[in-house]
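Peer 1: 3D, please:
(3 chains)
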Amino acid sequence: MRKINVETGVGIFIIVGMLCLGYLSLKLGDVNLFGTEQYVLRAHFTNVSGLKEGAMVELAGVRIGKVSKIYLDDYEALVEMLLDPDVKLQEDAIASIRTQGIIGDKYIKIKTGGADEMIGKDGEIIETESAIELEELVSKYMFGKE
Amino acid sequence: MFDLLEKLGSYCLYHVNQIGRMGMFLFYALLSIIRPPYKIYPIIRQTYLIGTLSIFVIIFIGAFTGMVLALQGYHTLSKFGAEGLLGSAVALSLIRELGPVLAAIILTGRAGSAMCAEIGVMRNSEQIDALECMAIDPYKYIMAPKFAAGIISMPLLTAIFIVVGIAGGYAVGVGMLGANEGMYFSSMYNDVTFDDVYMGIMKSLCFGVLIIAICSAKGYFVHLIRGGGFGAEGVSKATTDAVVLSCVTILLFDFIITSVLL
Amino acid sequence: MSERPVIEINGLRKTFGAIEVLKGVDLSIMEGKTTVIVGGSGQGKSLIIKHILGLIRPDSGSVQVYGKEMSNIGKKDLKEIRMDFGVLFQNSALFDSMTVFDNIALPLRERTHMSEEEISDIVNDKIEMMDIVGSNEKYPAQLSGGMRKRVGLARALVLKPRIIFFDEPTTGLDVAKSSELYRIFFHTQQQLKYTAVIVSHDVPKIFKLADYVALLNNGVIQGCLPPEEFQLSDDPVIKEFVETTMGPLYSGEMEV
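Peer 2: Down below sits the predicted model:
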């Protein structure tokens, strides 16, 4: 058997390595190289406790995007989401922060609205429901106040 | 009493000296990559030695690492009823930690030791002196291709390691233990972010440079080893040192990089 | 060719650890001549060459090559001066991973901008000169010691250096091989007119090639004389060296 020569070996190595690297960053790392330009929506929440950047955005249980940034804006949390371009949301869609399972991650659940107007690029989802904190619920139930 | 002090002092001086030498070595070597003339063929040759020839070990160890991760992870996660997270557990531990670190340690054993011995022998048989006398910069001629090849190879090897590991985890988790196939991948796609991949690749890049730097510097300075570094014994001593030091440094830097990037 | 020194060493000192190896070496090397440095093992003969080559910096003293001080020379000047140097190392220092041809071509490929054909011409010319035709594609490990020396010499000559250093050129060769190497050396020097510095144990044979013989003993040079004068010198150290190395065979002749 003839030994594979150096150049071929290196070529194979680089191609295989690049494929793996590509798989990791494109598929797992969600890097968009191929023009499927996601668009940004914003939403104000009074409380986003537990929500992390990179969390999912779901509509009817289907993933449609992710949270790209969270920051403070006028004593409220402002969440930026990157959504898939083929998903359009109505003006009166509701964004709420929910939990997956009991210890699972927080994610944003979108409920569709009925309006005809759609939210455009860089728009804002007006109606939001904040994170429900377990301790608050418990204390409300136990002490009957606040 | 003074004898002891003197010994301590000379010990410290020797090691400080060595660190300084390695720092300068790394600096010159990296500088020599940037400086023209650029020659492609030596880099290809070194990439072959460092990268191509390591593929099989990487695949083998990557597969088994993924498999054992899935095995361990499945049993632990199933206690909490969270088998669904198996995919992301395997992928995240591979991408962030095990991939870069294990690939680096394999590379140290596979290519680093060989590199150290090769350069050590070149030094001992006056080949490096010969280069200098021909007014050929040994950094440019010997080190630059090795560093370039290391920088190219290390992230690619790590990526191969991770992907094979994920596949191995899939084989054991889904194939053997019966975890949900869809959940394995969807939890992986959901939980792994670009930052994780970025961190893994950054680590592997740093480790690549470190391994090459330590291993080739140990070989390059084989004649300066304390207690005489000439001959076969010197080279063997240098090689052992290089492998041990590389592994320790990899783990040390792993901690540092993780704490900086996290 | 006029007799002017190309290399001048003054008061060269070098200490390794607690041992002072060179204790003030003074030596001048004349242009176009062959200077042989002799002396017992471990006296630091090779060390002198390494100082001249700029591989080692002296503790004190000066080494001047073409009037340039080697102990504090800049990188650029050093490169330029080294273009004039050719070195044949003790164990040839050929690159194991390259063929004979590539080994000889290396300085040309790295240091000049010649085309591959020109390089090939020069290298083949040198290979012919060294009488090693037919082993172009062999690797150094496949060559005998004598062949390796010749390849090393070919590589040293390929850039047309003005000064060539030989570090123990005949160590490890049998008598016939070393005589052959000397013949080659003699021919090439006649053709190329280089200055040669030879470090050797091979007394008395080496005297036939030498224009000057310098004895390194106890860290200093004990006189640098033409070989005839060297053998007849009254200096006690030189006399002792001549007598011990040449043995009774020669001491008999000398008294004639």
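Peer 1: Using PDB, write down the CA coordinates of the longest strand along chain A.
Peer 2: Criterion DSSP state E: the longest strand present in chain A is strand A:62-73. Only the C-alpha atoms of strand A:62-73 are listed here, as PDB (Å, rounded to 0.1, in the frame of the first residue of the first chain):
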ATOM      1  CA  VAL A  62     -41.900  25.800  18.800                       C
ATOM      2  CA  ARG A  63     -38.600  27.600  19.100                       C
ATOM      3  CA  ILE A  64     -38.600  30.800  17.100                       C
ATOM      4  CA  GLY A  65     -35.600  32.700  18.400                       C
ATOM      5  CA  LYS A  66     -33.500  33.500  21.400                       C
ATOM      6  CA  VAL A  67     -32.900  36.300  23.900                       C
ATOM      7  CA  SER A  68     -29.900  38.300  22.800                       C
ATOM      8  CA  LYS A  69     -29.600  41.000  25.400                       C
ATOM      9  CA  ILE A  70     -31.000  41.900  28.800                       C
ATOM     10  CA  TYR A  71     -30.400  45.300  30.400                       C
ATOM     11  CA  LEU A  72     -32.000  47.900  32.700                       C
ATOM     12  CA  ASP A  73     -34.000  50.600  31.200                       C
END
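Peer 1: Could you list the residues in contact with it?
Peer 2: A:30, A:38, A:40, A:44, A:48, A:51-58, A:77-84, A:87, A:108, A:110, B:190 (CB atoms under 8 Å, 6 or more residues apart in numbering or on different chains). Every C-beta, even on glycine, is put in place using the N, C-alpha and C of the backbone.
Peer 1: Narrow these to those in helices?
Peer 2: residue B:190 (DSSP state H).
Peer 1: Now the buried members of the contacts of strand A:62-73.
Peer 2: By neighbour count, with 16 or more other CB atoms under 10 Å in any protein chain shown, the contacts of strand A:62-73 hold A:30, A:38, A:44, A:48, A:51, A:54-58, A:77-79, A:81-84, A:108, A:110, B:190 as buried.
Peer 1: just for the stretch 101-250 of chain C, where's the confidence low?
Peer 2: C:246-250 (pLDDT under 70).
Peer 1: the helices in it, which residues?
Peer 2: C:116-129, C:145-157, C:175-192, C:227-231, C:236-254 (DSSP state H, counting those that start in this stretch).
Peer 1: what's the most buried one of these?
Peer 2: helix C:145-157 (a mean of 24; mean count of other CB atoms under 10 Å in any protein chain shown).
Peer 1: elements contacting it?
Peer 2: Under the contact criterion of 3 or more CB pairs under 8 Å, 6 or more residues apart in numbering or on different chains; DSSP states H and E, helix C:145-157 touches strand C:85-88, helix C:100-111, helix C:116-129, helix C:175-192.
Peer 1: Need the contact partners of that helix.
Peer 2: Contacts of helix C:145-157 (CB under 8 Å, 6+ apart): B:134, C:86-89, C:91-94, C:100, C:103-104, C:106-107, C:123, C:126-127, C:129-132, C:135, C:140, C:143, C:164, C:169-170, C:172-173, C:177, C:180-181, C:184-185, C:188, C:192.
Peer 1: Bridged to the spatially most central residue of chain A, which residues?
Peer 2: What sits nearest the mean C-alpha location of chain A, by CA atoms, centre = their mean, is residue A:66, with 1.4 Å. Residue A:66 has the following beta-bridge partners by DSSP bridges: residue A:56, residue A:82.
Peer 1: looking only at pLDDT, what's the mean for stretch C:80-94?
Peer 2: Stretch C:80-94 shows a mean pLDDT of 82 in the predicted model.
Peer 1: so where is the stretch 101-250 of chain B shaky, pLDDT-wise?
Peer 2: B:226-230.
Peer 1: That one: strands as residue ranges?
Peer 2: Per DSSP state E, counting those that start in this stretch, the stretch 101-250 of chain B has no strands. Nothing in it meets that criterion.
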